[in-house]
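[1] predicted coordinates and the sequence they were generated for:
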Amino acid sequence: MKKIILIFTFLVAFISCAFTQVIDLSPEETRYDLKVLNTNITSAYCSEYQAVYDALTTKPSDAIAAEQNTMVCGWVGDGVWSKNDILYVFAQTTNAGGEALVNWINPGTFDAVEIPNGGALIFTALEGFTGDLSAYTNTNWSPGDGGVHNYTRNDAVIGCYNRNKTSSGMISFGAFDAAANGTFGQFETNRMLGRFNSALFTAVVDTYVAGMDIFTRDNSADFDYYNNNVKTDVTKISVAIADFDFYIHGYNFNDAVGGQSSHQISMVFAGSSFTPTNINNMTDRFEVYMDSNGKGVIP
């Protein structure tokens, strides 16, 4: 009996000692163990959105980040993400640290810059930037600069999400040279005026509503204009790509700004040509994001 009691006492003492050693960790050991554990945690975001999230000085809320991640992962799966050279989601939660000016396709490359030009763009959370007829945005991106871009003369897309439209001549984006060759989009309540790697502009009279406006070209003879997934054929021969940075809320005319607008723009993108399915995917996923925050305008 005494042997049994001694054995039991020994086991209790052994277990107590072992337990004490396991939990009695120094602060340094504790931090090390947690660090090892953290390396095994998998990101909740797809890699493409994780890069965007990491580039944002002030992070969006978990709910907004989840919405943005769903949108980006959807675009990746749709095949439209890889076609883009630039993508600016101005409809961010803040722009205090330039969060709304990040190029989502490759953060840190072709990030946009606001140019006050005697004025200032008005930023509204989850809506974007509204022009004041003076300030504009420089994308620092020129597809005609001889670099390697998805956007080429006869294989290109450019689009923007306008939350409002005007009845006067104001430009959402553009760049063209002294010979008037290049691209710009002027979206009004009763017409679209534009050129897309072409000379002079084409006017298409119709009733257009706020939302997504997209030009896409996959040949030299013509391009398509989409307003909220509704297509209009535009016969306009391609001529050249202007070797100037694209501006937003105005155009870059031979390194001089013009056509500054009062449009409220939520997103801008550009790259290689889109199919009709690509157009729908780009438009619909962004509208879901805007609607989820009560900011969508597409009927």
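    Looks like it arrived, so ask away.
[2] please enumerate the strands of the stretch 101-250 of the chain.
    113-115, 122-124, 128-130, 136-138, 156-162, 173-176, 181-187, 191-199, 202-205, 211-217, 222-227, 230-235, 247-248 (DSSP state E, counting those that start in this stretch).
[3] give me the contact list for whichever helix or strand comes after the shortest one.
    What it means is strand 247-248. Next helix or strand after strand 247-248 toward the C-terminus (DSSP states H and E): strand 251-253. Applying CB atoms under 8 Å, 6 or more residues apart in numbering, the external contacts of strand 251-253 come out as 138, 171, 173-176, 184, 242, 244-246, 257-259. C-beta here means a position set from N, CA and C on the backbone, and glycine is covered the same way.
[4] in ChimeraX, select just the buried ones from those.
    Burial among the contacts of strand 251-253 is assessed by 16 or more other CB atoms under 10 Å; the matching ChimeraX selection reads:
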select :138,171,173,174,175,176,184,242,244,245,246,257,259
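[5] and the contacts of strand 251-253 as JSON lines, adding pLDDT and distance to residue 267?
    Converted to JSON lines, the contacts of strand 251-253 look like this (pLDDT from 0 to 100; distance: CB to CB, whole Å):
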{"residue": "138", "pLDDT": "98", "distance to residue 267": "17"}
{"residue": "171", "pLDDT": "92", "distance to residue 267": "16"}
{"residue": "173", "pLDDT": "96", "distance to residue 267": "11"}
{"residue": "174", "pLDDT": "95", "distance to residue 267": "16"}
{"residue": "175", "pLDDT": "96", "distance to residue 267": "18"}
{"residue": "176", "pLDDT": "90", "distance to residue 267": "22"}
{"residue": "184", "pLDDT": "87", "distance to residue 267": "18"}
{"residue": "242", "pLDDT": "92", "distance to residue 267": "22"}
{"residue": "244", "pLDDT": "96", "distance to residue 267": "22"}
{"residue": "245", "pLDDT": "97", "distance to residue 267": "18"}
{"residue": "246", "pLDDT": "97", "distance to residue 267": "14"}
{"residue": "257", "pLDDT": "97", "distance to residue 267": "21"}
{"residue": "258", "pLDDT": "94", "distance to residue 267": "23"}
{"residue": "259", "pLDDT": "93", "distance to residue 267": "20"}
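[6] can you list the contacts of strand 251-253 in JSON lines and add distance to residue 58?
    Listed next are the contacts of strand 251-253 as JSON lines, based on distance: CB to CB, whole Å:
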{"residue": "138", "distance to residue 58": "22"}
{"residue": "171", "distance to residue 58": "30"}
{"residue": "173", "distance to residue 58": "26"}
{"residue": "174", "distance to residue 58": "31"}
{"residue": "175", "distance to residue 58": "31"}
{"residue": "176", "distance to residue 58": "36"}
{"residue": "184", "distance to residue 58": "33"}
{"residue": "242", "distance to residue 58": "35"}
{"residue": "244", "distance to residue 58": "32"}
{"residue": "245", "distance to residue 58": "27"}
{"residue": "246", "distance to residue 58": "26"}
{"residue": "257", "distance to residue 58": "29"}
{"residue": "258", "distance to residue 58": "33"}
{"residue": "259", "distance to residue 58": "32"}
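[7] lowest mean pLDDT across the strands of the stretch 101-250 of the chain, which one is that?
    Note on the strands of the stretch 101-250 of the chain: strand 202-205 shows the lowest mean pLDDT, a mean of 85.
[8] neighbouring contacts of that one?
    Taking CB under 8 Å, 6+ apart as the rule, strand 202-205 contacts 190, 191, 192, 193, 194, 195, 225, 232, 234, 235, 236.
[9] list only buried entries from the residues you listed.
    192, 193, 194, 195, 225, 234, 236.
[10] neighbours of the nearest residue to residue 262 once chain neighbours are set aside, how many?
    Nearest non-adjacent residue to residue 262, counting by CB to CB, 6 or more residues apart in numbering: residue 131, 4.9 Å away. Neighbour count of residue 131, defined by other CB atoms under 10 Å: 25.
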